[in-house]
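Asks: Fold the stuff below for me.
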Amino acid sequence: MTETDDDERTLLAEQVRKLSVAFETGALPTLLTPLLTVELTIQQLKVLTMLVTTDEGMTGSGLAEVFGVSMASMSGLLDRLVAQGMAERSSDPHDARVRRIHATEHGRSAMRRLVAARPEYADDVLLRIPLDDLRGLARGMAAVGAELERLRELDTRAPSAGS
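Replies: Numbering: from 1, shown residues only. Predicted structure coming up:
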């Protein structure tokens, strides 16, 4: 790789970051309605976000530690998420004394509506993009996805305090 390649990579990365900010700013009005209609507190949203990002679920004590709250406070918050059908408790497959909390499909769906909905990727936008540009976008997004997966794998190999 040459210095010119490095310069171009730096400029293109900056351009992508600026476009991303523009996309996020443009998406805010679209995201506002689902945010205002969800029946969750900010703390519940934060906990649900943690649960949605783990397949193995988390423990109540692990969540209490992450959020710096008492186990009693976390237990009450989790009770409300379970009552709303956003989360569920189950036995840990390795230790029956441990209860794990997982996001339900309803909870995952709610988070997708709130966070993952990206209006710039809706059909009314994507299907209007010239085919060559759409192919390039798909290639670029696949490359970003692969790099994120690589970083996730590196992160899971690193020693952690675990929950």
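Asks: State the distance from Asp95 to Asp79.
Replies: Distance of Asp95 to Asp79, computed by CB to CB, to the nearest Å: 22 Å. Just so you know, the C-beta spots here come from the backbone N, C-alpha and C atoms, and that holds for glycine as well.
Asks: and Met58, what are its bridge partners?
Replies: Assessed by DSSP bridges, Met58 has beta-bridge partners Ile101.
Asks: thinking again about what came up before, Asp95 and Asp79: which is more packed in?
Replies: Between Asp95 and Asp79, counted using other CB atoms under 10 Å, the more crowded position is Asp79 (13 against 9).
Asks: ok now do that one, which residues does it touch?
Replies: The contact partners of Asp79, by CB atoms under 8 Å, 6 or more residues apart in numbering, come to none.
Asks: Check Gly26 too.
Replies: So Gly26 contacts Pro119, Glu120 (CB under 8 Å, 6+ apart).
Asks: so how far is the helix or strand hosting it from its chain's centroid?
Replies: In the assignment (DSSP states H and E), Gly26 maps to helix 3-37. Its chain's C-alpha centre and that of helix 3-37 lie 16 Å apart, by CA atoms, centre = their mean, to the nearest Å.
Asks: Quick check: which ranges of this structure have low pLDDT?
Replies: Scanning the chain for pLDDT under 70 picks out 116-117, 158-163.
Asks: middle-most residue in it, spatially?
Replies: By CA atoms, centre = their mean, the chain has its centre lying nearest to Thr53, at 5.9 Å.
Asks: and it, backbone torsions?
Replies: In terms of degrees, to the nearest 10, the main-chain angles of Thr53 are phi -90, psi 0.
Asks: For it, give its distance to Asp155.
Replies: Using CB to CB, Thr53 is found at 12 Å from Asp155.
Asks: Can you get me a residue count around Ala96?
Replies: Ala96 has 8 neighbours, counted by other CB under 10 Å.
Asks: Three-state assignment for it, please.
Replies: Three-state assignment for Ala96 (DSSP: H, G, I helix; E, B strand; the rest coil): coil.
Asks: measure it to Glu39 for me?
Replies: Counting by CB to CB, the gap between Ala96 and Glu39 amounts to 33 Å.
Asks: cool, Thr156 as well?
Replies: From Thr156 to Glu39 the distance is 33 Å (CB to CB).
Asks: before we move on, the earlier item: ok, now how distant is the residue nearest to the centre of the chain from Val144?
Replies: According to CB to CB, Thr53 stands 18 Å off from Val144.
Asks: again with Leu126
Replies: From Leu126 across to Val144, the span is 16 Å (CB to CB).
Asks: same thing with Ala138?
Replies: Distance of Ala138 to Val144, given as CB to CB: 11 Å.
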